[in-house]
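1. Sequence and predicted structure, then a few things I'm wondering about:
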Amino acid sequence: MNDTLRSIYGRSSVRKYKEDKVPEEDIREILKAGFHAANGMNRQAIEFAVMENKNSRSKYSRKAISRLAEEAKAAGHSNPMIERMAADPASDIFYGAPAVIFVFADQNAVTPVEDGSLAVGNMMLAAHSMGYGTCFIGFAAGLGGDDEFLKECGVPDNHRYIASMILGKPDGDIDKHPRSDVRVLKWIK
């Protein structure tokens, strides 16, 4: 098996991190891997914000959970797990990771969600190959509508939030999540 496949098959989401800061040069290398992901019409329209400040991470974790709970309730889709998280001041959607990488796309992106998702995938694999843990954080999506967050991240008006990923050294063993067999609906020959 080659190194790329070994990284793909060996990566798992990590939800428990050491407090150790990730060196800036490692974060920059991981960002570079994200930027090298395939993107629609080669527009290269994604940009990143890195949040290492613990108080900021905590504040935006709380805001994201609250927004998620409010949006679910307003849509009539209450979710007991999200409501419990919103009620618990210790809940942390970023799992104590020392760094959060946010992905944004400017208005020139042809396929912004796809571009950002591919970037996160590349960053997860690059981080894994460097000994770091990661997790895609879908619960942070509500931050895309938070003006304070966008301002703190330096996001221009013509950009939109796409995705976020946490990054750090895993604290303990990484849980392996076995996969079932690949399901092919139909192979048309």
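-> Done, it's in.
2. Go through this structure and flag its longest strand.
-> Looking across the chain with DSSP state E, the single longest strand is strand 159-168.
3. Need the CA coordinates for it. PDB is fine.
-> Written as PDB, here are the backbone C-alpha positions of strand 159-168 (Å, rounded to 0.1, in the frame of the first residue of the first chain):
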ATOM      1  CA  HIS A 159     -16.500  36.300   1.100                       C
ATOM      2  CA  ARG A 160     -18.700  33.600   2.700                       C
ATOM      3  CA  TYR A 161     -18.100  31.000   5.400                       C
ATOM      4  CA  ILE A 162     -17.600  27.500   4.000                       C
ATOM      5  CA  ALA A 163     -16.200  25.100   6.600                       C
ATOM      6  CA  SER A 164     -14.000  24.700   9.700                       C
ATOM      7  CA  MET A 165     -11.600  22.100  11.000                       C
ATOM      8  CA  ILE A 166      -9.900  21.700  14.400                       C
ATOM      9  CA  LEU A 167      -6.200  20.800  14.600                       C
ATOM     10  CA  GLY A 168      -3.800  19.600  17.300                       C
END
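4. Just checking: what are the partner strands of it?
-> strand 99-106 (antiparallel), strand 133-136 (antiparallel) (DSSP bridges).
5. Make JSON lines from those and add mean pLDDT, distance to residue 6 and mean neighbour count to it.
-> Using the backbone N, CA and C atoms, a C-beta is placed for each residue, glycine as well. Below are the strands paired with strand 159-168 laid out as JSON lines (pLDDT from 0 to 100; distance: least, C-beta to C-beta, whole Å; neighbours: other C-beta atoms under 10 Å):
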{"stretch": "strand 99-106", "mean pLDDT": "97", "distance to residue 6": "23", "mean neighbour count": "24"}
{"stretch": "strand 133-136", "mean pLDDT": "98", "distance to residue 6": "16", "mean neighbour count": "22"}
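6. Serialize those to a markdown table and add fields for distance to residue 144.
-> Output for these, formatted as a markdown table (distance: least, C-beta to C-beta, whole Å):
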| stretch | distance to residue 144 |
| --- | --- |
| strand 99-106 | 8 |
| strand 133-136 | 15 |
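7. Tell me which of those strands approaches residue 148 most closely.
-> strand 99-106 (13.7 Å; C-beta to C-beta).
8. buried residues in the helix or strand harbouring residue 151?
-> Here residue 151, judged by DSSP states H and E, is contained in helix 147-152. Buried residues in helix 147-152, defined by neighbour count with 16 or more other C-beta atoms under 10 Å: 149, 150.
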